[in-house]
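> With the input below, show me the fold.
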Amino acid sequence: MTTRKNQAELIKEISGVNPLKCMKCGKCSASCPSYNEMDIKPHQFVSYVVNEDIESLVKSKSLWKCLSCFACVERCPRDVKPGKLIDAARQIVVRERGGDFLSPNEIPELLDPDTPQQLLVSAFRRYRR
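Predicted structure coming up:
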């Protein structure tokens, strides 16, 4: 893994979020449907990024329990977007593990005709970075 500071900066860059704007109100965590399943809550996740404790985030089950519903993004009064930070941290982990990527030509044969278009657009937005 790269240094903690580099990882924190990379998370900020990928997400496009400024975690220093967080005022720790907890509205993001209060709206999270996965709150009870998480060991690091969305508002705490922001603090971990600010404190550059990325190793703890990578080891947490919260990283994979997040539903990416972005309820936390909608509720944040300071536009901090904790869900985008979580998503960026996931991308870093997947990249470091050497995740396999599909070529555009492989995708059509994997699609189910009943797959909602919104799912495809969401996946494209998330994984194109």
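
> Select the longest helix from the protein.
helix 82-96 (DSSP state H).

> Need the contact partners of that one.
1, 7, 10-17, 19, 22, 28, 42-43, 45-46, 49, 54, 57-58, 62-64, 66, 68-73, 76, 126-127, 129 (Cβ atoms under 8 Å, 6 or more residues apart in numbering). C-betas here are computed from N, CA, C, even on glycine.

> chain center to that helix: distance?
On the basis of Cα atoms, centre = their mean, to the nearest Å, helix 82-96 sits 4 Å off its chain's mean C-alpha point.

> quick one: average confidence on it?
Averaged across helix 82-96, the pLDDT comes to 88.

> Can you tell me the centre-most residue of this structure?
Among the residues of the chain, the one closest to the centroid is D87, at 1.5 Å (Cα atoms, centre = their mean).

> That one and W64: what is the separation?
According to Cβ to Cβ, to the nearest Å, D87 and W64 sit 11 Å apart.

> Under the pLDDT cut-off, which ranges of this protein? List them.
Scanning the chain for pLDDT under 70 picks out 1-2, 4, 99-104, 126-129.

> 50 instead?
1 (pLDDT under 50).

> what ranges do the strands span in it?
Ranges of strands within the chain: none, based on DSSP state E.

> could you pull out the helices for it?
In the chain, the segments counted as helices under DSSP H are 4-15, 27-30, 42-50, 54-59, 62-65, 71-75, 82-96, 107-110, 117-127.

> gap between the two ends of stretch 27-43?
Length of stretch 27-43, first residue to last, Cα to Cα, to the nearest Å: 8 Å.

> before we move on, the earlier item: separate out the buried members of the contacts of helix 82-96.
The neighbour-count test (16 or more other Cβ atoms under 10 Å) applied to the contacts of helix 82-96 identifies 7, 10-12, 14-15, 17, 19, 22, 28, 42-43, 45-46, 49, 54, 57, 62-63, 66, 70-73, 76 as buried.

> orientation of the longest helix of the chain relative to helix 42-50 in degrees?
Put simply, helix 82-96 runs at 50 degrees to helix 42-50, going by axes from the mean of the first three to the mean of the last three Cα atoms, to 10 degrees.
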